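**Student:** Need a 3D model of the sequence below.
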Amino acid sequence: MQMPEAVWTYLEEHRESHLLDLIEFLKIPSISALTEYHRQVREAGQWLAERAVQAGFSSVKMLETGGHPVVSAAYGEDPNKPTVLIYGHFDVQPVDPLESWLHPPFEPFVEGQILYARGSSDDKGQLFMQLIAAEAWIKTVKDLPVNLRMLCEGEEEIGSTHLAEFIRQRPELVNADFAVISDTPMFDREMPAICYGLRGLAALDITITGPFQDLHSGVYGGTVANPAHVLAHLIDSLHDDQGRVSVPHFYDGVDEPTDQERQALSSLPFDHDAFLSDLQLDALFGEATFSPLERTWIRPTIEVNGMWSGFIGEGRKTIIPHRAQAKITCRLVPHQDPSAVLNAVRAHLGAHCPPGVRLTVDLGEASPATLTPLDHPAVAAAARAIHQVFGQDPKYIRMGGSIPVVVTLQELFAMPTLLLGFALPTENFHAPNEHFHLVNFYRGAKTLAAFWAEVGQTNRPAPGSSLHGQ
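**Tutor:** Below you'll find the model as predicted:
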């Protein structure tokens, strides 16, 4: 069906009020990883539930999991319409280092049509786009071309720890023909994109324990293995000088990119110098035989997310530390087995750990990569909606990140998932000074509203049809 003019008008006329609502949402410090903010995660879920009621959704509930809550809502029960699941998350990343923020992370600040706040682009801002796109239809047309289900969680930033089990227990809340997630970026400014691939994730923690306590480095130095040195040695052993992972069997199952895929990626307008400038670097690192886009989209990695040991305060404390620790994550590509990767890394660390210390490896969350064939009707509908709003066809990209629920929906229900986001890769999600360009916030809401019209006029997908590759 044609996009009603009233829907466009509603979104235009409510720009200011929608921005004020988003700012209110962003003020809630819903950091799921930190115990002291657990109450605020619940507060953010309650805010979202109340705002969904205001938008016109029914059956709005905040439901308990084994950890942070989820928010569920619905609109429409017409068996002749496609049913679409909206997924998003209302938890956010920690803000460290706080001193690097130009504005306090939970005091949203608009400067030059850029909204600065933790969660502005990942994912409260993009989730709120979904909500107001539906609201525009409900408040003006009093109907939607599709039935909507909404499921939003407070644990995405800690690996969606309890979501899969919750969905297994309440499958009726996600019963849909396909899902739409706005938690991915465009390719670049003025270059909207449909993301067709996500890397998987495998996490582990390393602890190196040495003497029974910190020791005087003058008395014991040279006779006792230093856990910090051992940790540095183990981390260094994970890669060769060119950035290739040195862990035996790490690349088992990894497909070499086809000539066609490499040509498609090389055709994207990647500006190497601008990329370096944005990062304030003078050189890149990694596998020399792969381009930067290939390294971040279609190659697996091991990265140290944090490491700590000993005395790091002001001045000097001349010790050999008792313990050293690190957090590590692997980004995985299709056909890698996450459990096998974790076991391979653990075996490698054990083989390289010298005597005189104790190594403990705690394995964490693990999920496989996903791919999206581009011939599903929802992808074509999204491309048409993007063209209506942006006046151009979308780029088709992959993303180096991971979204655990995509795997859950695929494995449990063979449910297609469309990744349709409007942030920019340079908007500092997971880093200080996270922000969202408001022009893309507004255009994203319009695109999503147009998308419902496009989906409503397509044939309903056959049961069990899937966007995802094997």
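
**Student:** The helix or strand containing Val180 pairs with which strands?
**Tutor:** Take DSSP states H and E as the rule and Val180 turns out to sit in strand 178-181. Take DSSP bridges as the rule and strand 178-181 pairs in its sheet with strand 83-89 (parallel), strand 417-419 (parallel).

**Student:** After that strand, which helix or strand is next?
**Tutor:** strand 193-198.

**Student:** Give the rounded mean pLDDT of that next one.
**Tutor:** For strand 193-198, mean pLDDT rounds to 92.

**Student:** sorry, back to before: least confident of the strands paired with strand 178-181, on average?
**Tutor:** Minimum mean pLDDT among the strands paired with strand 178-181: strand 417-419, a mean of 94.

**Student:** elements contacting whatever helix or strand comes next after that one?
**Tutor:** On the C-terminal side of strand 417-419, the closest following helix or strand by DSSP H and E is strand 435-437. If you count contacts as 3 or more Cβ pairs under 8 Å, 6 or more residues apart in numbering; DSSP states H and E, strand 435-437 packs onto strand 114-116. Heads up, the C-betas are built off the backbone N, CA and C, glycines and all.

**Student:** Show me what the strand it packs on pairs with in its sheet, parallel or antiparallel.
**Tutor:** strand 109-111 (antiparallel), strand 435-437 (antiparallel).

**Student:** tell me the average confidence for the next helix-or-strand element following it?
**Tutor:** The helix or strand immediately downstream of strand 114-116 is helix 124-140, counting by DSSP H and E. For helix 124-140, mean pLDDT rounds to 98.

**Student:** what angle separates helix 124-140 from strand 83-89?
**Tutor:** Computed by axes from the mean of the first three to the mean of the last three Cα atoms, to 10 degrees, the angle separating helix 124-140 from strand 83-89 equals 140 degrees.

**Student:** How far away from the center of its chain is helix 124-140?
**Tutor:** Helix 124-140 sits 20 Å away from the centroid of its parent chain (Cα atoms, centre = their mean, to the nearest Å).

**Student:** Same question for stretch 21-35.
**Tutor:** Distance, centroid of stretch 21-35 to centroid of chain: 16 Å (Cα atoms, centre = their mean).

**Student:** how about low-confidence regions in this structure?
**Tutor:** 1, 459-470 (pLDDT under 70).

**Student:** do that again at 80, thanks
**Tutor:** Along the chain, the parts satisfying pLDDT under 80 run over 1-2, 372-373, 458-470.

**Student:** quick one: the helices in it?
**Tutor:** 5-13, 15-26, 38-55, 124-140, 163-169, 217-220, 227-236, 259-266, 272-279, 292-297, 338-352, 377-390, 404-413, 438-456 (DSSP state H).

**Student:** Pick the most deeply packed of the ones you listed.
**Tutor:** Highest mean neighbour count among these (mean count of other Cβ atoms under 10 Å): helix 124-140, with a mean of 25.

**Student:** And it, what does it pack against?
**Tutor:** helix 5-13, helix 15-26, helix 38-55, strand 83-89, strand 147-153, helix 438-456.

**Student:** Relative to Gly221, which of these is closest?
**Tutor:** helix 38-55 (42.7 Å; Cβ to Cβ).

**Student:** Alpha carbons of the closest one, in CSV - could you do that?
**Tutor:** Taking C-alpha atoms only, helix 38-55 is exported to CSV below (Å, rounded to 0.1, in the frame of the first residue of the first chain):
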residue,chain,number,x,y,z
HIS,A,38,20.5,-2.9,38.1
ARG,A,39,17.7,-0.8,39.4
GLN,A,40,18.1,1.7,36.6
VAL,A,41,18.0,-1.1,34.0
ARG,A,42,14.5,-2.0,35.4
GLU,A,43,13.6,1.7,35.4
ALA,A,44,14.5,1.9,31.6
GLY,A,45,12.3,-1.1,30.9
GLN,A,46,9.4,0.5,32.8
TRP,A,47,9.9,3.7,30.9
LEU,A,48,9.8,1.8,27.6
ALA,A,49,6.7,-0.1,28.6
GLU,A,50,4.8,3.0,29.5
ARG,A,51,5.9,4.7,26.3
ALA,A,52,4.7,1.7,24.2
VAL,A,53,1.2,2.1,25.8
GLN,A,54,1.3,5.8,24.9
ALA,A,55,2.2,4.8,21.3
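
**Student:** all numbers from here: first residue = 455
**Tutor:** New numbering, starting at 455: the last item is helix 492-509.

**Student:** who touches that helix?
**Tutor:** 475, 478-479, 482-486, 514-516, 522-525, 527, 544-545, 578, 581, 585-586, 588-589, 592-593, 604, 606, 608 (Cβ atoms under 8 Å, 6 or more residues apart in numbering).

**Student:** now the angle between strand 537-543 and that helix, please.
**Tutor:** 150 degrees.

**Student:** what's the spacing between helix 492-509 and its chain's center?
**Tutor:** The answer for helix 492-509 is 20 Å, by Cα atoms, centre = their mean.

**Student:** Over to stretch 596-609?
**Tutor:** With Cα atoms, centre = their mean, you get 19 Å for stretch 596-609.

**Student:** now stretch 737-749
**Tutor:** Centroid separation between stretch 737-749 and its chain, computed with Cα atoms, centre = their mean, is 22 Å.

**Student:** domain assignment for this protein?
**Tutor:** 459-652+823-910, 654-708+754-821 (automatic domain parsing).

**Student:** who wins for proximity to Leu719 among those domains?
**Tutor:** Per Cβ to Cβ, nearest to Leu719 of those: domain 459-652+823-910, 8.2 Å.

**Student:** First residue to last residue on the closest one, what's the distance there?
**Tutor:** Chord length of domain 459-652+823-910, first to last residue, is 16 Å (Cα to Cα, to the nearest Å).

**Student:** For Arg643, grab phi and psi.
**Tutor:** Phi and psi for Arg643, reported as degrees, to the nearest 10, are phi -60, psi 140.

**Student:** you'd agree it is up against Phe876?
**Tutor:** No: Arg643 is beyond contact range of Phe876, at 11.4 Å (criterion: Cβ atoms under 8 Å).
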